[in-house]
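Q: After the sequence you'll find the predicted model.
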Amino acid sequence: GAVVSQHPSWVICKSGTSVKIECRSLDFQATTMFWYRQFPKQSLMLMATSNEGSKATYEQGVEKDKFLINHASLTLSTLTVTSAHPEDSSFYICSARENYNEQFFGPGTRLTVL
Amino acid sequence: AQSVSQHNHHVILSEAASLELGCNYSYGGTVNLFWYVQYPGQHLQLLLKYFSGDPLVKGIKGFEAEFIKSKFSFNLRKPSVQWSDTAEYFCAVNGPGGGNKLTFGTGTQLKVEL
(Lines give C-alpha, C1' and ligand atoms only; values in the text may rest on other atoms or scores of the structure.)
Protein backbone atom coordinates (compact mmCIF):
# COMPACT_ATOMS: atom_id res chain seq x y z
CA GLY A 1 0.00 0.00 0.00
CA ALA A 2 0.89 3.65 -0.27
CA VAL A 3 3.18 5.05 2.39
CA VAL A 4 3.12 8.48 3.95
CA SER A 5 5.90 9.59 6.27
CA GLN A 6 6.13 12.46 8.71
CA HIS A 7 9.17 14.10 10.18
CA PRO A 8 9.88 14.60 12.97
CA SER A 9 7.86 12.03 14.89
CA TRP A 10 8.09 14.18 17.98
CA VAL A 11 9.41 17.63 18.79
CA ILE A 12 9.77 19.72 21.91
CA CYS A 13 10.24 23.45 21.54
CA LYS A 14 10.22 26.62 23.57
CA SER A 15 7.30 29.00 23.50
CA GLY A 16 7.66 31.60 20.77
CA THR A 17 9.68 29.49 18.39
CA SER A 18 8.49 28.06 15.08
CA VAL A 19 8.33 24.39 14.23
CA LYS A 20 8.18 22.80 10.79
CA ILE A 21 6.63 19.38 10.21
CA GLU A 22 7.12 17.54 6.94
CA CYS A 23 4.73 15.14 5.28
CA ARG A 24 5.91 13.02 2.38
CA SER A 25 4.19 10.55 0.09
CA LEU A 26 6.86 7.95 -0.58
CA ASP A 27 5.50 5.94 -3.49
CA PHE A 28 2.76 7.97 -5.09
CA GLN A 29 2.04 11.50 -6.19
CA ALA A 30 -0.14 13.28 -3.70
CA THR A 31 -2.29 15.76 -5.53
CA THR A 32 -3.99 16.59 -2.24
CA MET A 33 -2.66 16.54 1.29
CA PHE A 34 -4.57 17.08 4.49
CA TRP A 35 -3.44 18.21 7.93
CA TYR A 36 -5.27 17.08 11.03
CA ARG A 37 -4.88 17.81 14.71
CA GLN A 38 -5.75 15.33 17.43
CA PHE A 39 -6.17 16.23 21.08
CA PRO A 40 -5.93 13.51 23.73
CA LYS A 41 -8.95 11.25 23.72
CA GLN A 42 -10.58 13.28 20.95
CA SER A 43 -11.10 12.73 17.27
CA LEU A 44 -9.00 13.99 14.40
CA MET A 45 -9.95 17.51 13.41
CA LEU A 46 -9.20 18.64 9.88
CA MET A 47 -7.13 21.79 9.90
CA ALA A 48 -6.55 22.39 6.21
CA THR A 49 -6.51 20.88 2.76
CA SER A 50 -3.73 21.61 0.34
CA ASN A 51 -3.47 20.95 -3.36
CA GLU A 52 -0.09 20.90 -5.01
CA GLY A 53 0.86 24.33 -6.26
CA SER A 54 -2.14 26.06 -4.69
CA LYS A 55 -2.83 27.88 -1.47
CA ALA A 56 -4.20 25.73 1.32
CA THR A 57 -7.86 25.83 2.27
CA TYR A 58 -8.23 26.23 6.01
CA GLU A 59 -11.13 25.01 8.11
CA GLN A 60 -13.14 27.48 10.10
CA GLY A 61 -11.35 28.54 13.26
CA VAL A 62 -7.87 27.57 12.08
CA GLU A 63 -5.51 30.56 11.86
CA LYS A 64 -3.76 30.47 8.53
CA ASP A 65 -1.04 32.85 9.71
CA LYS A 66 -0.38 30.59 12.68
CA PHE A 67 -0.33 27.32 10.78
CA LEU A 68 1.51 27.86 7.50
CA ILE A 69 1.05 25.13 4.96
CA ASN A 70 3.15 24.67 1.85
CA HIS A 71 2.56 22.00 -0.78
CA ALA A 72 5.28 22.80 -3.25
CA SER A 73 5.63 19.37 -4.83
CA LEU A 74 3.55 16.26 -5.43
CA THR A 75 5.36 14.40 -2.67
CA LEU A 76 5.91 16.98 0.05
CA SER A 77 3.77 19.22 2.20
CA THR A 78 4.98 21.14 5.23
CA LEU A 79 3.14 22.54 8.22
CA THR A 80 4.88 25.32 10.11
CA VAL A 81 3.54 26.23 13.52
CA THR A 82 4.66 29.83 13.96
CA SER A 83 5.34 31.41 17.34
CA ALA A 84 4.24 28.24 19.07
CA HIS A 85 2.57 28.39 22.48
CA PRO A 86 1.74 25.65 24.96
CA GLU A 87 -1.85 25.49 23.69
CA ASP A 88 -0.47 24.41 20.30
CA SER A 89 0.84 21.22 21.88
CA SER A 90 -0.93 18.39 20.13
CA PHE A 91 -0.62 15.45 17.80
CA TYR A 92 -0.48 16.55 14.16
CA ILE A 93 -1.31 14.03 11.46
CA CYS A 94 -1.11 14.41 7.72
CA SER A 95 -2.74 12.37 5.01
CA ALA A 96 -2.25 12.27 1.29
CA ARG A 97 -4.14 11.04 -1.70
CA GLU A 98 -3.63 10.75 -5.41
CA ASN A 99 -6.49 12.28 -7.36
CA TYR A 100 -9.75 11.11 -5.71
CA ASN A 101 -8.47 7.88 -4.29
CA GLU A 102 -8.24 6.82 -0.68
CA GLN A 103 -6.45 8.98 1.87
CA PHE A 104 -3.30 7.45 3.34
CA PHE A 105 -2.23 8.67 6.75
CA GLY A 106 1.15 9.49 8.16
CA PRO A 107 2.25 8.29 11.61
CA GLY A 108 1.79 11.69 13.20
CA THR A 109 4.02 14.21 14.95
CA ARG A 110 3.79 14.89 18.66
CA LEU A 111 4.46 18.58 19.35
CA THR A 112 5.13 19.75 22.90
CA VAL A 113 5.59 23.46 23.48
CA LEU A 114 7.18 24.38 26.80
CA ALA B 1 -22.03 20.63 9.62
CA GLN B 2 -21.51 16.91 9.63
CA SER B 3 -20.85 15.23 12.97
CA VAL B 4 -19.98 11.62 13.75
CA SER B 5 -20.77 9.84 17.02
CA GLN B 6 -19.13 6.72 18.31
CA HIS B 7 -20.99 5.61 21.38
CA ASN B 8 -18.47 3.21 22.87
CA HIS B 9 -15.26 4.88 24.00
CA HIS B 10 -13.69 1.83 25.57
CA VAL B 11 -14.55 -1.79 24.88
CA ILE B 12 -12.96 -4.81 26.52
CA LEU B 13 -13.63 -8.25 25.09
CA SER B 14 -12.29 -11.73 25.48
CA GLU B 15 -10.84 -13.51 22.48
CA ALA B 16 -13.50 -15.13 20.26
CA ALA B 17 -16.19 -12.75 21.46
CA SER B 18 -18.24 -10.92 18.87
CA LEU B 19 -17.73 -7.21 18.30
CA GLU B 20 -20.04 -4.44 17.28
CA LEU B 21 -18.98 -0.79 17.40
CA GLY B 22 -21.58 1.87 16.80
CA CYS B 23 -21.23 4.83 14.48
CA ASN B 24 -23.87 7.42 13.66
CA TYR B 25 -23.61 10.52 11.53
CA SER B 26 -25.76 13.58 11.50
CA TYR B 27 -26.27 14.68 7.90
CA GLY B 28 -28.42 12.52 5.66
CA GLY B 29 -27.37 13.52 2.18
CA THR B 30 -25.04 11.52 -0.03
CA VAL B 31 -22.13 10.37 2.10
CA ASN B 32 -19.15 8.07 1.90
CA LEU B 33 -18.41 6.11 5.06
CA PHE B 34 -15.17 4.71 6.42
CA TRP B 35 -13.76 2.74 9.31
CA TYR B 36 -10.10 3.23 10.17
CA VAL B 37 -7.97 1.32 12.66
CA GLN B 38 -4.91 2.51 14.53
CA TYR B 39 -2.80 -0.21 16.10
CA PRO B 40 -0.57 0.82 19.01
CA GLY B 41 2.31 2.93 17.74
CA GLN B 42 1.14 2.81 14.14
CA HIS B 43 -0.63 5.13 11.74
CA LEU B 44 -4.28 5.06 10.73
CA GLN B 45 -5.17 2.32 8.25
CA LEU B 46 -8.36 1.86 6.26
CA LEU B 47 -10.44 -1.14 7.36
CA LEU B 48 -13.32 -0.72 4.97
CA LYS B 49 -15.37 1.85 3.13
CA TYR B 50 -18.84 2.34 1.70
CA PHE B 51 -19.51 4.49 -1.34
CA SER B 52 -22.60 2.91 -2.89
CA GLY B 53 -24.21 -0.43 -3.68
CA ASP B 54 -24.51 -3.31 -1.23
CA PRO B 55 -24.93 -1.75 2.22
CA LEU B 56 -23.07 -4.66 3.82
CA VAL B 57 -19.39 -4.00 3.28
CA LYS B 58 -16.61 -6.50 3.83
CA GLY B 59 -13.23 -5.22 4.90
CA ILE B 60 -9.84 -6.57 5.81
CA LYS B 61 -9.12 -8.93 8.71
CA GLY B 62 -12.66 -10.27 8.88
CA PHE B 63 -14.35 -6.96 9.64
CA GLU B 64 -17.60 -5.87 8.07
CA ALA B 65 -19.91 -2.90 8.41
CA GLU B 66 -23.53 -2.29 7.56
CA PHE B 67 -24.82 1.01 6.25
CA ILE B 68 -28.39 1.66 7.39
CA LYS B 69 -29.46 4.87 5.74
CA SER B 70 -32.69 5.23 7.73
CA LYS B 71 -30.73 5.11 10.98
CA PHE B 72 -27.77 7.22 9.78
CA SER B 73 -25.59 4.39 11.01
CA PHE B 74 -22.53 2.48 9.87
CA ASN B 75 -21.73 -0.04 12.60
CA LEU B 76 -18.59 -2.14 12.52
CA ARG B 77 -18.76 -5.85 13.29
CA LYS B 78 -16.52 -8.84 13.63
CA PRO B 79 -17.89 -12.28 14.61
CA SER B 80 -14.83 -13.39 16.57
CA VAL B 81 -12.14 -11.00 17.75
CA GLN B 82 -8.50 -11.82 18.27
CA TRP B 83 -5.93 -10.39 20.66
CA SER B 84 -4.29 -8.73 17.66
CA ASP B 85 -7.44 -6.65 17.08
CA THR B 86 -6.52 -4.55 20.11
CA ALA B 87 -6.44 -1.04 18.64
CA GLU B 88 -8.33 2.19 18.34
CA TYR B 89 -11.11 2.30 15.77
CA PHE B 90 -12.35 5.46 14.07
CA CYS B 91 -15.47 5.96 12.04
CA ALA B 92 -15.30 8.72 9.42
CA VAL B 93 -17.73 10.30 7.01
CA ASN B 94 -16.95 12.12 3.79
CA GLY B 95 -19.81 14.35 2.82
CA PRO B 96 -22.38 15.54 2.22
CA GLY B 97 -21.87 15.19 -1.49
CA GLY B 98 -18.49 13.50 -1.23
CA GLY B 99 -15.71 16.02 -1.50
CA ASN B 100 -12.51 16.31 0.42
CA LYS B 101 -13.42 16.59 4.04
CA LEU B 102 -13.38 13.58 6.35
CA THR B 103 -15.18 14.06 9.63
CA PHE B 104 -14.02 11.61 12.28
CA GLY B 105 -15.72 10.18 15.32
CA THR B 106 -13.95 10.31 18.67
CA GLY B 107 -12.72 6.75 18.36
CA THR B 108 -13.27 3.52 20.28
CA GLN B 109 -10.42 1.91 22.15
CA LEU B 110 -10.78 -1.87 21.88
CA LYS B 111 -8.86 -4.16 24.17
CA VAL B 112 -9.02 -7.89 23.54
CA GLU B 113 -7.95 -10.07 26.42
CA LEU B 114 -6.58 -13.57 26.09
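A: Here it is on my side, so go on.
Q: From here on, just use CA atoms for contacts and neighbour counts.
A: Noted.
Q: Setting aside sequence neighbours, what's the nearest residue to the residue nearest the centre of chain A?
A: In chain A, the residue lying closest to the centroid (C-alpha atoms, centre = their mean) is A:Trp35, at 3.7 Å. Distance criterion C-alpha to C-alpha, 6 or more residues apart in numbering or on different chains; nearest residue to A:Trp35, sequence neighbours excluded, is A:Cys94 at 4.5 Å.
Q: Quick check, that neighbour in contact with A:Thr32.
A: No: in this structure A:Cys94 lies outside contact range of A:Thr32 using C-alpha atoms under 8 Å: 10.6 Å.
Q: Neighbour count: the two, which is higher?
A: Under the criterion of other C-alpha atoms under 10 Å in any protein chain shown, the comparison of A:Cys94 against A:Thr32 puts A:Cys94 first, with 30 against 24.
Q: tell me which parts of chain B are close to chain A?
A: Applying C-alpha under 8 Å from any C-alpha of the partner chain, we find that chain B lies next to chain A at B:42-45, B:100-107.
Q: can you do 7 Å?
A: B:42-44, B:104-107 (C-alpha under 7 Å from any C-alpha of the partner chain).
Q: Any idea what the closest residue to B:His9 other than its chain neighbours is bridged to?
A: Excluding the flanking residues, the one nearest B:His9 by C-alpha to C-alpha, 6+ apart is B:Thr108, at 4.4 Å. According to DSSP bridges, B:Tyr89 are recorded as the beta-bridge partners of B:Thr108.
Q: tell me the pLDDT at B:Thr108?
A: B:Thr108 is assigned 95 on the pLDDT scale.
Q: Show the contacting residues for it.
A: Contacts for B:Thr108 were tallied using C-alpha atoms under 7 Å, 6 or more residues apart in numbering or on different chains; they are B:6, B:8-10, B:88-90.
Q: now the strands: where do they sit in chain B?
A: Counting by DSSP state E, residue ranges of the strands within chain B are B:4-5, B:10-14, B:19-21, B:24-25, B:32-38, B:45-50, B:56-58, B:64-68, B:73-78, B:87-94, B:102-104, B:108-113.
Q: Report how many residues lie close to A:Leu26.
A: A:Leu26 has 13 neighbouring residues, counting by other C-alpha under 10 Å.
Q: Surely it is in contact with A:Gln6?
A: No: using C-alpha atoms under 7 Å, A:Leu26 makes no contact with A:Gln6, being 10.4 Å away.
Q: helices or strands next to the helix or strand where the residue nearest to the centre of chain A lies in the packing?
A: Using DSSP states H and E, A:Trp35 maps to strand A:32-38. Judged by 3 or more C-alpha pairs under 7 Å, 6 or more residues apart in numbering or on different chains; DSSP states H and E, the packing partners of strand A:32-38 are strand A:44-51, strand A:90-97.
Q: Measure how that strand sits relative to strand A:44-51, angle-wise.
A: Angle of strand A:32-38 versus strand A:44-51, following axes from the mean of the first three to the mean of the last three C-alpha atoms, to 10 degrees, is 160 degrees.
Q: distance between strand A:32-38 and the chain's centre?
A: How far strand A:32-38 lies from its chain's middle: 5 Å, per C-alpha atoms, centre = their mean, to the nearest Å.
Q: Which residues outside it are in contact with it?
A: By C-alpha under 7 Å, 6+ apart, the surrounding residues in contact with strand A:32-38 are A:44-52, A:90-98.
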